[in-house]
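1. only the shape, not the letters, is given here:
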């Protein structure tokens, strides 16, 4: 069975600055860092017939776990160290120790948190399949609900590991002198060479349906609501008509969720309902809905809904494009700054709106993009643009296939260069912090090993010298 993570979710480790530093003294540290980033990326169904290679506290590590990690890393980086499997075992044992300690410390990951991330990952996969649920189920050989259930425990464990690691390194920072010392410790010929990078600000506007289309949509939903009240199946109608691909496939079922999960207008309606009551039709930023509350447990609700999005006409698209073109002219004529226009016109739900319009690179978490990371439309719009230039309106589509328009401003552009403190301080600072955290976690590991029951398969013990630091526990080592 294919892994929903391995096959479709982009690996953030591929873009980490730390991966560039590969001096002999740091190669193992960096490789382990990559494994820590990628832990949980290659979740897969465990075989009943398998071999335990190690135990850490109450957690076991199977031979299949090692092979799955190895296969995934091999697909990302064809040339791995000769002792790659030993490094993987070392990392899996660390994760097992973190998981074991998280349970001892009663660090709990809520079901709602797991459900939200599962939904987000499945939504991302569906967006790459044009929201075709049939294609999803054909690819994985299971329904969406079955796939989510398959990986629920793995994801919960992964998030507990992350929480424990965050608890251990909570509050850690690095000083400018530490950043400088880290950078200077790198041999000159080992410093990474960065491609040209750009910073870009945007004003993003999503077209809105006109009043006529809204009336048509509301009328259609009111008709569906009446059919349900008269006895037709909510689930059947949701599956047939709802524009929410995830819940629609599940008969409109949204599962259990705590307050704060949905947008305010949706929750404002849902939390006023009595069990089994169906709301009136209402509008949210996603379209028009009606909701049926199924159950309530304290601050959590279990509801289902039917969503229909009003049709966006060509006239609606043209209005947005014309509006953005007018904004661009006002900015280039000096009547309004780009920053002022962001606050006045840009989509308030866009991440860039709260960052003075600056787009954030999802791979790195900062505002710098290598040109190869840009969407083609933005790349071609800014390729020959001067610093401070503003583009004409650019049409794009969201992960759900909805049309958006933006104008972008080129804030900065760097030439290809070797890493240096002046141009790359933020990246070097992050690499320094990650290195410091890794060292701290390793020190924590050495303190915890002696009080933790650990077993290691004799064949692994004899062939993997890098795991000797695990063999100092008070319990007998098999």
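-> Looks like it arrived, so ask away. Just so you know, these numbers come straight off a predicted model, no measurement behind them.
2. helices and strands of the protein: which one bottoms out on pLDDT?
-> helix 4-8 (a mean of 32; mean pLDDT, DSSP states H and E).
3. please enumerate the strands of the stretch 151-300 of the chain.
-> Ranges of strands in the stretch 151-300 of the chain, per DSSP state E, counting those that start in this stretch, are 193-194, 197-205, 253-258, 282-284, 287-297, 300-308.
4. can you redo those strands as TSV with mean pLDDT?
-> Formatted as TSV, the strands of the stretch 151-300 of the chain follow (pLDDT from 0 to 100):
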stretch	mean pLDDT
strand 193-194	86
strand 197-205	95
strand 253-258	87
strand 282-284	94
strand 287-297	95
strand 300-308	94
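5. looking at the ones you listed, which is nearest to residue 469?
-> strand 193-194 (34.5 Å; Cβ to Cβ). For every residue, glycine as well, the C-beta is placed using N, CA and C.
6. which residues outside that closest one are in contact with it?
-> For strand 193-194, the external contacting residues (Cβ atoms under 8 Å, 6 or more residues apart in numbering) are 370, 414, 416-419, 424.
7. out of those, what pair is the most spread apart?
-> For the contacts of strand 193-194, the maximum inter-member distance is 14.9 Å, found between 370 and 418 (Cβ to Cβ).
8. which one's more surrounded, the two?
-> residue 370 (17 against 12; other Cβ atoms under 10 Å).
9. so that one sits against residue 199, correct?
-> No - checked against Cβ atoms under 8 Å, the pair residue 370 and residue 199 is beyond contact range at 11.6 Å.
10. quick one: residues contacting residue 320.
-> Contact analysis of residue 320 by Cβ under 8 Å, 6+ apart lists 205-207, 393, 405.
11. okay, and it sits in which element?
-> Assigning secondary structure by DSSP states H and E places residue 320 in helix 314-332.
12. from one end of stretch 252-263 to the other, what's the distance?
-> With Cα to Cα, to the nearest Å applied, stretch 252-263 spans 17 Å between its terminal residues.
13. for this protein, longest helix please?
-> Identified as the longest helix of the chain according to DSSP state H is helix 421-449.
14. just the mean pLDDT for stretch 310-325, thanks.
-> If you average the pLDDT over stretch 310-325, you get 94.
15. off-centre distance for that stretch?
-> Mean-position distance between stretch 310-325 and its chain equals 30 Å (Cα atoms, centre = their mean, to the nearest Å).
16. got the buried residues for that stretch?
-> Buried residues in stretch 310-325, counted by 16 or more other Cβ atoms under 10 Å: 310, 312, 316, 320-321, 323-324.
17. which two of these have the greatest separation?
-> Once Cβ to Cβ is applied, those give 310 and 324 as the farthest pair, at 21.0 Å.
18. ok, residue 241 - contacts?
-> Here residue 241 is in contact with 220, 224, 248, 306, 308 (Cβ under 8 Å, 6+ apart).
19. which of those tops the neighbour count?
-> residue 306 (29 neighbours).
20. does that residue really touch residue 286, like I thought?
-> No - using Cβ under 8 Å, residue 306 makes no contact with residue 286, being 11.9 Å away.
21. now the common contact residues for these two.
-> With Cβ under 8 Å, 6+ apart as the test, residue 306 and residue 286 both reach residue 244.
22. before we move on, back to that, any idea how far the helix holding residue 320 is from the chain center?
-> 32 Å.
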